[in-house]
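Asker: One predicted model, sequence on top.
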Amino acid sequence: MIPAYVFELCRKFRKESTTAEKLLWKCLRNRHLSELKFRRQHPLGRYIADFYCVEAGLVVELEGKVHNQAEQREYDKIRKEELAGRGLRVMKFDNEEVLKRTERVLAKIVAVAAKRHLTL
């Protein structure tokens, strides 16, 4: 069961995407990356994945400076553990990495998705 407020947040986050999120979404949408189907700002229980690939059980998260704060790091740790407990793999990238090394980020995503897809 997904709380209603989570769906509202998903819509809000889609409208307020960062530059890095927009760039990565352009690369992931419509199966542009290795025919993998990604969803953007997708609810997973009470959490929201920046990008989620069902077929590979993969969550891709982009992180800005807020993720350097102690409270946010603790929240992120708990969130990652809960998602891992559901059998999902969580990959994290800094916004700057996505903007400056896009091809490398995409290659990492493909490599992890390929491994996960083969084992599912």
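Answerer: Cool, the structure landed.

Asker: Show me what the host helix or strand of E74 is packed against.
Answerer: Element membership for E74, per DSSP states H and E: helix 70-85. Helices and strands touching helix 70-85, by 3 or more C-beta pairs under 8 Å, 6 or more residues apart in numbering; DSSP states H and E, are strand 47-53, strand 89-94. Every residue, glycine included, has its C-beta placed from N, CA and C.

Asker: which phi and psi does the closest residue in space to T19 that isn't next to it in sequence have?
Answerer: Nearest-residue entry for T19: L99, 6.7 Å, with adjacent residues in sequence omitted and distances by C-beta to C-beta, 6 or more residues apart in numbering. Main-chain dihedrals, L99, degrees, to the nearest 10: phi -70, psi -40.

Asker: P3 now?
Answerer: Per-residue torsions, P3: phi -60, psi 150 (degrees, to the nearest 10).

Asker: In the longest helix along the chain, which residues are buried?
Answerer: Ranked by residue count and defined by DSSP state H, the top helix of the chain is helix 102-119. Of all the residues in helix 102-119, those buried under the rule 16 or more other C-beta atoms under 10 Å are 102, 105-106, 109, 112-113, 116.

Asker: one step back: off-centre distance for the helix holding E74?
Answerer: 14 Å (C-alpha atoms, centre = their mean, to the nearest Å).

Asker: Stretch 86-105 too?
Answerer: 8 Å.

Asker: pLDDT of that stretch, averaged?
Answerer: Here stretch 86-105 scores 96 as its mean pLDDT.

Asker: Alright, calling it a day.
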